[in-house]
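Trainee: sequence-free structure coming up:
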């Protein structure tokens, strides 16, 4: 099996390589990611300018790695269509430091990269953690491994024309306490009336503009609704959100439930490790 890993924080981000370490035993791994931080660009693609890709030194032996002068979506498409010598069975995007939840998924470069994998017919997961340091947590590593293993197993049961799974997975802050398990969660809604803000700064004769977006996690209703990803983050549950229109409907295997079962089992089996780490 062949796995493509990308992100929106750049090919040198340590959280990306933490994910490589977590899943490298599942198949041949190739990394294809932006050459710099491209957070917040959503699913943007470079269509009117040429793209460049550079082979970089990989910190993980046996893993080929490319840095792309483009968006996260560009990196995934190049990886799938040009840089991978063999067809890809699974795309993993992340681990993103900072949870991708709620209505703001539309601007996430991590989700944008994952979308290109899904649109090109490949099973895809976007993975986010609360903090950069959390990417090295052994419970998260084991859960990402087991989720990827579950997805690869599921793909082998599908026909060529059957839809592949596309899921968004968020891990709560490790320091808030041991995880309680994993649930299927809906994206929370933005607070009504919470519009974007623009700050300005005068530099010489020029005016500089800064866009400030209130986080969707401020939605009070979402914080109290146990069906949402924000509630899950605030209550130490790992959340899995199907992003392809409803995996439990279109997949004959009910993959959303299958995947969250794999996550839940992995989290609960390794909960002791997280407790010990938090205590230490």
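Mentor: Noted; the coordinates are in hand. Worth saying up front: this structure is predicted, and the values here are computed from it rather than measured. Numbering: from 1, shown residues only.
Trainee: where exactly do the strands run in the stretch 1-150 of the chain?
Mentor: 2-6, 28-34, 53-56, 64-68, 90-97, 123-129 (DSSP state E, counting those that start in this stretch).
Trainee: would you mark the buried spots in the third one?
Mentor: Think strand 53-56. In terms of neighbour count (16 or more other CB atoms under 10 Å), strand 53-56 has its buried residues at residue 53. (Each C-beta comes from the backbone N, C-alpha and C, glycine too.)
Trainee: if we can go back for a sec, format the strands of the stretch 1-150 of the chain as JSON lines; extra columns: distance to residue 106.
Mentor: As requested, those are exported to JSON lines (distance: least, CB to CB, whole Å):
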{"stretch": "strand 2-6", "distance to residue 106": "18"}
{"stretch": "strand 28-34", "distance to residue 106": "19"}
{"stretch": "strand 53-56", "distance to residue 106": "26"}
{"stretch": "strand 64-68", "distance to residue 106": "22"}
{"stretch": "strand 90-97", "distance to residue 106": "15"}
{"stretch": "strand 123-129", "distance to residue 106": "13"}
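Trainee: where does the prediction get shaky in this protein?
Mentor: 190-195, 214-223, 245-254, 275-280 (pLDDT under 70).
Trainee: run the last query once more with 90
Mentor: By pLDDT under 90, the weakly predicted segments of the chain are 40, 42-43, 102-107, 157-164, 177, 186-198, 210-227, 230, 242-259, 268-280.
Trainee: the helices in it, which residues?
Mentor: Assigned by DSSP state H, the chain shows helices spanning 14-23, 72-78, 109-119, 138-155, 220-224, 229-234, 247-250, 255-269, 271-279.
Trainee: deepest-packed of those helices, please.
Mentor: Highest mean neighbour count among the helices of the chain (mean count of other CB atoms under 10 Å): helix 72-78, with a mean of 28.
Trainee: same for that one, what does it pack against?
Mentor: Secondary-structure packing of helix 72-78 (3 or more CB pairs under 8 Å, 6 or more residues apart in numbering; DSSP states H and E): strand 2-6, strand 28-34, strand 64-68, strand 90-97, helix 109-119.
Trainee: tilt between the longest one and strand 123-129?
Mentor: Read that as helix 109-119. Between helix 109-119 and strand 123-129, the angle comes out at 170 degrees (axes from the mean of the first three to the mean of the last three CA atoms, to 10 degrees).
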